[in-house]
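# Structure of the sequence below:
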Amino acid sequence: MKKDDSLVAFYEGIQEEIQAISQNDTSGWNLEDFLTEIVLEYLEEAGEVADPVICPYRATGLQLNAYAISDECESVDLFVSIYTDEKTPKSVSQTDVDAALKRAIQLYHKATNDLHKSFEKDNDTYEFAITLSKNKERINRVRICAITNGMVKPLHLNDIKIGNADVSFSIWDIERLYKCIVSGKMRETIEIDFFDKFNTTIPCIENSMSEKCNVYLSIISGDILADLYNEYRDRLLEKNVRSFLQVKGNVNKGIQNTLQSEPDMFLAYNNGISVTAESVEIVRDDNNKPSIKRIKDMQIVNGGQTTASIFNAKYNKKLNADLSRVFVQMKLTVISSAEEMNSIVPRISEYSNTQNKVQMADFSANDPFHRKVEELSRTIWTPSKGGDKPKNWFYERARGQYADMLSRETTAKRRKDFKESHPLFTKTDLAKYENTWDQEPYYVSEGAQKNFRHFTLRLQDRKGFKADENYYYHLIAKAIMFKKAEKIISGLGYGGYRANIVTYTLAFLSYKTSQRINLDVIWREQAISAAFEKEIESVSRFVQQMIVNPPNHANISEWCKKEKCWEDIRNHDYELGDEFQSELKDLSYSSQPETPKSIQDTTEEEQKLIDEALQISSPTWYALSKWAKETGNFTGWQRSLTFSIGTIIARKQKLTYKQALQGLKVYRESVEKGFIA
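Predicted coordinates for the structure are as follows:
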C-alpha cells in the first residue's frame, strides 16, 4: 500500500471511529467534539497534553473544544477543532486555521476576564472560565492548538504575549497525527542542540564497550533540565514514567526541600536521571575530551520525579528557586537500533527505577486480563429477548480495532447492522464501569486515562485475577447500567458534570445495596428495570446538588476527584424505594458462593478478615456506633460504617472486604480506648 493510500485508510478509520462513538453516546456533542476526543487521546498517549477536558463552547467570535490546565495553573492548553466530512482527507485553508486560532485567542481574553458571568456555576464552561479568571496572574504559558481531520500546509505561527503569558500555537492535522502513529513511537521525536539552545555543551565520560549501545555519564545543570521540561513537558518522559508520574503526582517534597535549602548538595543527595536516545553528536575540545552537543529522541526513563520537581522549583512563582547551584547526574544510553530499543529501554526503566519502581506492564492493555476479555467479547452473544436480535458486545482492547472491523463491511447498510449488533466499549470504559461498581467514583472523575491507570494498579493488586464467562456477563450488565444512567441523567437537564453525576450515582447505589444489584438479571434482560431507572433518577438529584455545591466554594471538578466528596455523598441519608429493594439479591451467608462480579471479589485472605468481622454480633456493632458518637470518637463516616455493618449482619446480607477492613480497624482501636460491648 502506498503512503497516500495508507493515509487515506487512516483517515477513513478515524471517520469510522467518530461515527461509531457518536452513535453510542448521549452527551449531545457534535462530530467536531468527537474528533477532538479521539485526537486528544492520541496526543495524551504521545505526551503532548495531560488530562485534557472536552468542553465544547461556541459563541460569536469564540471557540473552545477542549482544554487542559496544570495543577498550579501556570500552564493552559486550549484546543479548537475543524472537522471536515469528506470521503478522503481535504485541504483546510490557512484562512480557516487562522480564524479558529483567533477564536481561541478571543476566548482566552474573555475567559481571563468575565466569561464566567455568562454561565450558571453548574455549567462545565463556567468552571473553565472561573479558573482562568481567578488565576490569570499565575498563568505564564498558553498553548493554542488547532485540531483537524483535514490537511494543512506548513504554516509559520509566531508566538505572542497576552498579559504575563507567552502564547504559542500548533496544528495537529490528519497527516501529522498519521506520521506520529506510524513512526512506531507514538510521539514526535525530540531533537535538542544544546549549543544552539543554551550556548553550551555537556561534558561527559564515554563508554562504548557494547555493540548494542554506547553509554555517556555527565552532569547537567538544573536550569537546563528545567528549561527542557518547560518546553517539551511530558514528551520528554518515556511513556511508563509519564504514566507513573500522573498517578503519583508531580512534586516530591523531599526533592523540593533540598532545592530550596541545600541546592549545592542536590548532586550529592539525588540519584540523577537515566536517559535514552536514538543518537548523539559528540564534540571534543583541544584535549580530546568529549562533550554532548546534540541529542536525538531524548527520553527520560528514570528521574521523571526529579525532572518535574526541578521544573516546578524554577517556574512555580511561589517557589521561584535559584537553580544556579543545582546539578544533576545524567546517564545517557544511545541504543544502536530500533530492534534493540524495544528490548533495552524497558529493562533500563525497570532496573534503574529504585526510588519509585515502575514495571513496564503497569499501564498496559496487553496483559492477559484484557486479552481474555477481548476473547470473550468476540465469542459471547447476548440472550435473545422478545423480537430483539442477540448482540455481540465488542471490547476494543487496542485503538482502531472497531473501525477496522467496520471497514470490512462493504455497504452502508452492513455497517449500520454491524454497529447495531456490536455495541462498542473500550478499555477505559471497562475501567470506568469497574471503579464505579467498586465505589471509587473519585478515581473515575479524574478522567479516562488516569482512571484506567488506577484500575490497572488495582488489577495488579489482585495478583492474576482471571476473567471468565460469568465475570464477562456481569461486566456487560455494568455497561448496560452505566449507559442507561447516562441517558437518564442527560434527560434531566442538569447543565453539566454529567460524567461525575453518573459515576457517583451508580457508586452510591452499589454502596447502598451492598452490591446486591442483580447483574445476572440485567444480563439476561439486557436492560435495567423501571424501578432501577426510577432509583437512578432519584439518587442523581441529590448527587447533583452535592457535587455542584462543594464546601468553601471549591473547584467542582477538583472536588469530585477527592475521596472526601465520596464520603459526603456516601453518608447522605437516603432510603431505597421498596420496589427496587425487592429486586435485590438475597445474599444470606447460607447461600452458595457467588461467581466473580468484579476484580474486587475476595481472596482467601480477605475472606478470613470478613469472617472475623462477622464473628462480632450486630448488637456489638450497634453499641460501638453509639459509643463512638457519645464519646466523640472517630469520624462520622466511621460511626456510620459500624452501624451499617451491624445492619448488614442482622439482615444476613453480604459484607464486603472494604467494610470489614475499615470496621475492624475502628473496633480494635475502640477496644484499646476502653470500649466494652
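
# Can you pull out the low-pLDDT segments for this protein?
1-4, 24-26, 183-187, 239-252, 338-366, 386-387, 464, 587-598, 600-603, 677 (pLDDT under 70).

# Domain map for it?
3-182, 191-352, 368-582, 604-672 (automatic domain parsing).

# could you pull out the strands for the stretch 251-400 of the chain?
273-277, 279-284, 290-296, 299-302, 327-335, 394-396 (DSSP state E, counting those that start in this stretch).

# Pick the most deeply packed of the ones you listed.
When you average the neighbours per residue for each of the strands of the stretch 251-400 of the chain (mean count of other C-beta atoms under 10 Å), strand 299-302 leads with a mean of 26. Heads up, the C-betas are built off the backbone N, CA and C, glycines and all.

# Quick one: list the elements packing against that strand.
helix 239-248, strand 273-277, helix 338-352 (3 or more C-beta pairs under 8 Å, 6 or more residues apart in numbering; DSSP states H and E).

# that older thread, can you check which of the strands of the stretch 251-400 of the chain gets nearest to Ser514?
strand 394-396 (27.9 Å; C-beta to C-beta).

# Going along the chain, name the helices of the stretch 51-200 of the chain.
Ranges of helices in the stretch 51-200 of the chain, per DSSP state H, counting those that start in this stretch, are 94-111, 124-134, 174-182, 194-198.

# Can you give me the buried ones in the last one?
Taking 16 or more other C-beta atoms under 10 Å as the basis for neighbour counts, the residues of helix 194-198 that come out buried are Phe194.

# what about that helix, distance to the chain center?
Its chain's C-alpha centre and that of helix 194-198 lie 35 Å apart, by C-alpha atoms, centre = their mean, to the nearest Å.

# contacting residues around it?
Thr200, Thr201, Ile202, Ile224, Asp227, Ile292, Lys293, Arg294, Ile295 (C-beta atoms under 8 Å, 6 or more residues apart in numbering).

# and the nearest residue to Lys372 once chain neighbours are set aside, how many neighbours?
Excluding its sequence neighbours, the residue lying closest to Lys372 (C-beta to C-beta, 6 or more residues apart in numbering) is Ala467, at 4.6 Å. For Ala467, the count of nearby residues is 19 (other C-beta atoms under 10 Å).

# Wasn't Ala467 part of a helix?
No - applying DSSP: H, G, I helix; E, B strand; the rest coil, one finds Ala467 to be coil, outside a helix.

# so Ile220 is in which element?
Assigned by DSSP states H and E, Ile220 falls within strand 213-221.

# Now do the buried residues in that strand.
Cys213, Asn214, Tyr216, Ser218, Ile220, Ser221.

# Bridging across strands, which residues link to the fourth one?
Listed beta-bridge partners, Ser218: Cys204, Met330 (assigned using DSSP bridges).

# tell me the contacts of the closest residue to Arg138 other than its chain neighbours?
Of all residues not flanking Arg138 in the chain, Cys73 sits nearest, at 5.0 Å (C-beta to C-beta, 6+ apart). Contact analysis of Cys73 by C-beta under 8 Å, 6+ apart lists Thr131, Asn135, Arg138, Ile139.

# Could you pick out the buried ones from these?
For those, buried by 16+ other C-beta under 10 Å: Thr131, Arg138, Ile139.

# and the second one, what are its phi and psi?
The phi/psi pair for Arg138 (degrees, to the nearest 10) reads phi -90, psi -20.

# do you know how far it is from Tyr622?
51 Å (C-beta to C-beta, to the nearest Å).

# The first one now?
Using C-beta to C-beta, one gets 45 Å for the distance from Thr131 to Tyr622.

# Same check on the last one?
In this view, Ile139 and Tyr622 are 54 Å apart by C-beta to C-beta.
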